[in-house]
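Q: sequence-free structure coming up:
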């Protein structure tokens, strides 16, 4: 039977560690880490994420500064707000919930967050540091989803050195930083994507397969080697009938799971880890600023 | 017969393009790009590189500011010099020839170069921008050796999309940025290294094989698929007898070449491209600063 990688449980464990760290910070510095959460407009999925992030932050004792803006605001107003938060002493992390409305230049907005408060780890200087550093250091700010995937893998207590890892997808948010993390764990890393020839065949050789493509249940048993570890980053809503829908990953879970060594489900796999890693980054950022 | 990728010739072509660009800058802005070259101590290989870089810069009309320091200087003095050069208006690029003496913190020195004058493309913010950007943009500062490899590949006028590229080596100077460049060209990219299991077998599947390991002639015909393109980044000096030595690459050229589609020799392959790309970065940096 495969090991089902329980993201909720692992996230809970990380959150309990963070709670202890935050209690120590409180004791020593008379303050708690602060996270500013910026949402522009009312995209339903974004509202769900912001709510979940806020709740989780409160649970571990992080102070949330909530900024919910109308989608009619100008880019300049958002840049002004970020500038204020960059200079606000009690704010350690700044999160801009993506996607932003089409009229915004997303990269420009992300670049305007001061790197030391970059809770998502998307700022070029943090992306560069992640690439350059020899280890997945404690004080790096690391994109939350790939870092969550790595922590799930580590939960298995297996030796990652020399493992053949294949990352499906080359996004800046998941695929590329995931590859960086796995290279530093001494995996052999292949990045495949929409232009890859024989993608199934390459994936079928993976000891560790990370699916981050955004295509519902694309990865079926033809893609997965017996005994592989499969991490599913996808969150896709599919319609069952007029009134019903459900969330599925990029992996055809029911077909694939039997022959894996371990697999993460959707929901309840990577999702909770992403949120826990956001709290970890905020706490790391607070510790870096107080050091 | 394989195509021998003549780095000298391709570098010369790039240098001629740069010369035209520099003439235009001179005409329009009444100045030429400036490159500060810093060497600490007298490592023989470093002196050879610095001399070659200076000569090439002069050829295309770049003004070289030469700073040859004794290896007895303190790290603080070097940081002061870099700070002066960061603020010097006629300096567009700053190059610190590596390796530095053991007592220096190399990453700290590299980080102290202002990103806009980072001629080697090693600063975290430029590393991050290289990773994030969707294209291998004209105005990025890109590590010279991997960029030189890419320009050699492009010289073949083949479609890189979907090609299976394997990069041997995961250094910050070559392996990692090489992977970034190839991902953006839509290759399927695998990074292999000292911990990789079955490294020969993986390399043998490559359409494009980039060797950057620093082990003389390690890559023999068992590593190379018939019809592959092989780029050899290695520069290793091996002793022939008491008095004689010669330069060889990481690839066993004479054995491998026959069955390749194209292969770069050592010397005369990647080496001249690295230098030409340094001149390209200095010119790019000058254009960015004047824009």
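A: Noted; the coordinates are in hand. These figures come from a predicted structure and were not determined experimentally.
Q: wait, what's in contact with the most centrally placed residue in chain A?
A: The residue at the geometric middle of chain A, judged as the C-alpha nearest the mean C-alpha position with CA atoms, centre = their mean, is residue A:145 (1.6 Å). When the contact criterion is CB atoms under 8 Å, 6 or more residues apart in numbering or on different chains, the partners of residue A:145 are A:173-174, A:212, A:233, A:270, A:273-274, A:277. The C-beta positions use only the backbone N, C-alpha and C, and glycine is treated the same way.
Q: Quick one: those residues as a markdown table, columns for distance to residue B:49, secondary structure and neighbour count too.
A: Output for the contacts of residue A:145, formatted as a markdown table (distance: CB to CB, whole Å; DSSP: H, G, I helix; E, B strand; the rest coil; neighbours: other CB atoms under 10 Å in any protein chain shown):
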| residue | distance to residue B:49 | secondary structure | neighbour count |
| --- | --- | --- | --- |
| A:173 | 38 | coil | 18 |
| A:174 | 38 | coil | 27 |
| A:212 | 40 | coil | 24 |
| A:233 | 43 | coil | 31 |
| A:270 | 46 | helix | 31 |
| A:273 | 46 | helix | 29 |
| A:274 | 45 | helix | 24 |
| A:277 | 42 | helix | 27 |
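Q: from the residues you listed, which single one is nearest residue B:24?
A: Taking CB to CB as the measure, residue B:24 sits nearest to residue A:173 out of these, at 39.1 Å.
Q: would TSV of the contacts of residue A:145 with distance to residue A:195 and pLDDT be doable?
A: Formatted as TSV, the entries for the contacts of residue A:145 read as follows, by distance: CB to CB, whole Å; pLDDT from 0 to 100:
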residue	distance to residue A:195	pLDDT
A:173	19	96
A:174	17	98
A:212	16	98
A:233	19	98
A:270	24	98
A:273	29	98
A:274	27	98
A:277	29	98
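Q: pLDDT score for residue A:138?
A: Residue A:138 is assigned a predicted lDDT (pLDDT) of 86.
Q: Now do the contacts for it.
A: By CB under 8 Å, 6+ apart, the residues touching residue A:138 are residue A:284.
Q: mind checking how far it is from chain B?
A: Counting by CB to the nearest CB, to the nearest Å, the gap from residue A:138 to chain B is 17 Å.
Q: Next: residue A:72.
A: 29 Å.
Q: Confirm that that residue sits in a strand.
A: No: looking at residue A:72 with DSSP: H, G, I helix; E, B strand; the rest coil, it is coil, so not inside a strand.
Q: if we can go back for a sec, and the contacts of residue A:145, which is closest to chain B?
A: Top of the list for closeness to chain B, among the contacts of residue A:145 and by CB to the nearest CB, is residue A:173 at 10.3 Å.
Q: got the contact list for the closest one?
A: Taking CB under 8 Å, 6+ apart as the test, what residue A:173 contacts is A:122, A:143, A:145.
Q: Okay, and which of those residues map to helices?
A: Counting by DSSP state H, those place residue A:145 in helices.
Q: Any chance of CSV for the contacts of residue A:173, columns pLDDT?
A: Formatted as CSV, the entries for those read as follows, by pLDDT from 0 to 100:
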residue, pLDDT
A:122, 96
A:143, 98
A:145, 98
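Q: Could you measure from the closest residue to residue A:174 other than its chain neighbours over to residue A:233?
A: By the measure of CB to CB, 6 or more residues apart in numbering or on different chains, the closest residue to residue A:174 outside its immediate chain neighbours is residue A:212, 4.1 Å from it. Residue A:212 is 4 Å from residue A:233, where distance means CB to CB, to the nearest Å.
Q: Check residue A:100 too.
A: Counting by CB to CB, the separation of residue A:100 from residue A:233 is 21 Å.
Q: Brilliant, that's me finished.
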